[in-house]
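Trainee: structure, please.
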Amino acid sequence: MRAFRIENATGHPISFSATLEQTLAMTEDSWRMRGRRGEQDEAASFAAIEQQAGRWVGMMSALSHDDDDPVLTGVYVVPEFRRTTPRIADQLMGLVLQWATPRASRLRLYVYERSEPAIRFHQRHRSSPEGRARPHTFAPGDVLEFARSLGGEPA
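Mentor: Just a heads-up that it's a prediction; the model follows:
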């Protein structure tokens, strides 16, 4: 996971909202805590791993706090695996949706306004803007809130 996140922060820090410097400064305990997040009832983490090399090529997570709708986080697929068949991001999203559907009636997510490919991906997966935005913490522009219906009722 550490190597994957460093690779991501080197070329695409927006997807994890952490600069390369912040990522490199994380302690071993921080990495272990992040690695355990997906084991909690209120969180799920999924990784796509290339079998031959054992390299992480995609990741998607979701987190739910208290009574809030789950939030999609940590979405990233390495560039050379973005247009493969089957589509890794679609498969990861399917896993997140399976996890989230019994927990809530919608899934929220935040997308950098200048990331057209991410916006198109989320719109293709029936997410739409909620009309709320907040400034990005280290890049010019805003982060837009999106949401999609899960078609189920909260558990």
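Trainee: let's verify the most far-flung residue of the chain relative to its centre: helix, strand, or coil?
Mentor: For the chain, the largest distance from the centre (Cα atoms, centre = their mean) belongs to Q52, which lies 24.3 Å off. Secondary structure state of Q52, per DSSP: H, G, I helix; E, B strand; the rest coil, is coil.
Trainee: now do the contacts for A139.
Mentor: Residues counted as contacts of A139 (Cβ atoms under 8 Å, 6 or more residues apart in numbering) are P13, I14, Y112, R114. Any C-beta I mention is one placed from the backbone N, CA and C, and that applies to glycine too.
Trainee: go ahead and confirm the first one touches S115.
Mentor: Right, P13. No: counting by Cβ atoms under 8 Å, S115 is not a contact partner of P13; they are 11.5 Å apart.
Trainee: got a list of what E130 touches?
Mentor: Per Cβ under 8 Å, 6+ apart, neighbours of E130: R108, L144, E145, F146, A147.
Trainee: strand partners of whatever helix or strand it lives in, parallel vs antiparallel please.
Mentor: For E130, the host element (DSSP states H and E) is strand 128-135. Its sheet considered, strand 128-135 pairs with strand 142-149 (antiparallel) by DSSP bridges.
Trainee: buried stuff in the partner strand?
Mentor: Buried positions in strand 142-149, judged by neighbour count with 16 or more other Cβ atoms under 10 Å: D142, V143, L144, E145, F146, A147, R148.
Trainee: which ones are touching the residue lying closest to Y110 once chain neighbours are set aside?
Mentor: What sits nearest to Y110 in space, not counting adjacent residues and going by Cβ to Cβ, 6 or more residues apart in numbering, is V143, at 4.7 Å. Contact analysis of V143 by Cβ under 8 Å, 6+ apart lists Y110, V111, Y112, E113, A133, R134, P135, H136.
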